[in-house]
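Student: Build me a model:
(one chain, ligands or ions: 1)
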Amino acid sequence: MKNRIAVYPGTFDPITNGHLDIIERGLKLFDGLIVAIAESHVKEPLFTVDERIKMVREAVKKYKNVKVESFDCLLIDYLHKKNANIILRGLRVISDFEYEFQMALTNRKLAPEIETTFMMTAEGYSYLSSRFIKEIARLGGRFDCFVPPHVAKMVKEKF
Ligand code: ADP
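Tutor: As a prediction, the model looks like this:
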């Protein structure tokens, strides 16, 4: 049996406990994960790609089988380069569904050999998003319970 490696792509701006929950549970299904940080110029991220690599690496350092990299190309091209054929995504509320469905079908059309898998968010994280963390931080609220301590520190330093 070959090792099953899945790619978990996202912007991770910043990584939250919701992302980490998907990583932890994804590791029960796959032999290894590559967390692939999209440069996402269009989204104008708060953190540079190097900052995001650093914060995600720190957040996943306790897992042996997780690699963290960035990519700035079509996701399916990145998977081909990595010799991987599984995409892992998280699903929160219904509003995620339309976008994820569109992306999964587009990727399947472009690369039928690649499968997209979804993990349903843990109940407690269903409302959690990187965007809300940034919004709370901008308005001076508390968000420490939603992200690892080093991420909270990095976010606070930005505002
Ligand atoms: P993107 O810009 O690709 O949407 P994100 O970093 O926002 O990047 O999200 C990456 C993936 O993680 C997406 O599949 C998203 O649905 C999932 N995700 C984000 N937050 C959560 C959460 N709280 N629970 C479960 N999945 C999540």
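Student: Residue 3: which element?
Tutor: Using DSSP states H and E, residue 3 maps to neither a helix nor a strand.
Student: now do the one 5 residues further on
Tutor: Applying DSSP H and E as the criterion places residue 8 in strand 5-10.
Student: Need the residues that contact the helix or strand following that strand.
Tutor: Heading C-terminal from strand 5-10, the first helix or strand you meet, by DSSP H and E, is helix 17-29. Residues from elsewhere that reach helix 17-29 (C-beta atoms under 8 Å, 6 or more residues apart in numbering): 4, 6, 8, 10, 12, 33, 35, 59-60, 63, 65-66, 88, 90, 92, 117, 119, 121-122, 125, 128-129, 146-148. All C-beta spots, glycine's among them, are computed from the backbone N, C-alpha and C.
Student: Among the residues you listed, which ones lie close to the ligand?
Tutor: Contacts with the ligand within these, counted by C-beta under 6 Å from any ligand atom: 10, 12, 90, 92, 121, 125, 128, 129.
Student: which of the residues you listed has the most neighbours?
Tutor: Neighbour counts for those (other C-beta atoms under 10 Å) peak at residue 12, which has 26 neighbours.
Student: The residue positioned nearest the centre of the chain: what's it in contact with?
Tutor: Computing the C-alpha centroid of the chain and ranking residues by C-alpha atoms, centre = their mean puts residue 10 first, at 3.9 Å. Listed by C-beta under 8 Å, 6+ apart, the contact partners of residue 10 are 19, 35, 36, 37, 38, 89.
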